[in-house]
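> here is my input; please provide its structure:
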Amino acid sequence: MTPAEANLLRTLLAGPEASAKVAARAASGGRPAAVLIALAEHSAGLHVVLVEKDARLRSHAGQVAFPGGSLEPSDPSPVAGALREAHEEVGIEPGEVEVLGVLPPTYVRSSDFAVTAVVARWPQPRPLAPVDTVEIAAVHSIALDVLLDPANRVTWTHPAGFDGPGFVVGELFVWGFTAYLLDGLFDLAGWTVAWDQARVAEIPERFVRGRRRG
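Next up, the predicted model:
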């Protein structure tokens with residue numbers, strides 16, 4: 001990410017366009033939480049850091065998400081909370097990333113969280129592994145070019161009747177809130193490549209256990 005690209009994304013995150021991207025799920029209540037969308041700057045292009053939840057969890061078992069969680073009383077802000085959680089879960093040091101901005105709080109009905117997504121660039125990424133091995137089974141660094149490839153994009157459907165944008169990357173199926181944020185960020189940044197929204201896929205059982213909807 002060039003300085004000009006970083007500045008543009010910072011401007012977009014601070015503007016009304018960011019609110020518009022999450023307007024359909026804007027939070028008016030819920031417990032405060034935050035996630036970190038870390039854009040890792042590799043020589044071949046940007047990657048995003050995602051975690052795979054442990055399959056034994058009571059909630060969100062086996063699902064793909066951003067590092068993050070509920071805010072603690074000691075967190076002075078959602079940004080601080082997202083950085084703390086990323087450090088505790090996957091070992092990203094707060095000083096390693098440059099925060100570009102946030103997406104306004106978005107409501108997640110299944111957990112009653114109002115989640116602030118903190119977008120940051122990671123200029124010198126390194127290999128990551130789970131630090132919180134109780135909650136995190138694996139850490140994935142996925143190229144944005146792969147996520148943006150129309151061949152890897154689907155509209156997921158849930159047995160309860162819900163649907164939304166999704167991503168299929170190898171054996172990983174990204175859906176629900178995580179995919180919603182990725183889709184919104186890509187649109188906001190102008191990175192989205194036209195894809196077939198009529199291409200529908202059911203959520204594999206591995207990624208839907210313990211969750212009612214995204």
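> state the distance spanning the first to the last residue of stretch 85-104.
End-to-end distance for stretch 85-104, by CA to CA, to the nearest Å: 18 Å.
> packing partners for the helix-or-strand element of the chain with minimal mean pLDDT?
Lowest on mean pLDDT, DSSP states H and E among the helices and strands of the chain sits helix 16-21, with a mean of 84. Applying 3 or more CB pairs under 8 Å, 6 or more residues apart in numbering; DSSP states H and E, one finds that helix 16-21 makes contact with strand 98-108, helix 176-189. Every C-beta, even on glycine, is put in place using the N, C-alpha and C of the backbone.
> switch the cut-off to 6 Å
Judged by 3 or more CB pairs under 6 Å, 6 or more residues apart in numbering; DSSP states H and E, helix 16-21 is in contact with helix 176-189.
> for the least confident helix or strand of the chain, buried residues please.
Under the neighbour-count criterion of 16 or more other CB atoms under 10 Å, helix 16-21 has 18, 21 buried.
> pull the CA atoms of that helix into CSV?
Extracted as CSV, the C-alpha positions of helix 16-21 are listed here (Å, rounded to 0.1, in the frame of the first residue of the first chain):
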residue,chain,number,x,y,z
PRO,A,16,-19.9,9.6,5.2
GLU,A,17,-19.2,6.7,2.7
ALA,A,18,-18.0,4.5,5.6
SER,A,19,-21.3,4.9,7.5
ALA,A,20,-23.3,4.2,4.3
LYS,A,21,-21.5,0.9,3.8
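> just give the closest residue to Phe66, not the sequence neighbours.
Computed as CB to CB, 6 or more residues apart in numbering, the closest residue to Phe66 that is not its neighbour in sequence is Val35, at 3.9 Å.
> ugh, wrong one, Glu96
Distances taken as CB to CB, 6+ apart place Trp122 nearest to Glu96, at 6.2 Å, with adjacent residues excluded.
> neighbours of the one you found, just the number please.
22 (other CB atoms under 10 Å).
> mean confidence for stretch 50-60?
For stretch 50-60, the mean per-residue pLDDT is 70.
> for stretch 124-137, that is, sorry about that
Averaged across stretch 124-137, the pLDDT comes to 93.
> beta-bridge partners for the residue nearest to Glu96, please?
Applying DSSP bridges to Trp122 gives these bridge partners: Ala40.
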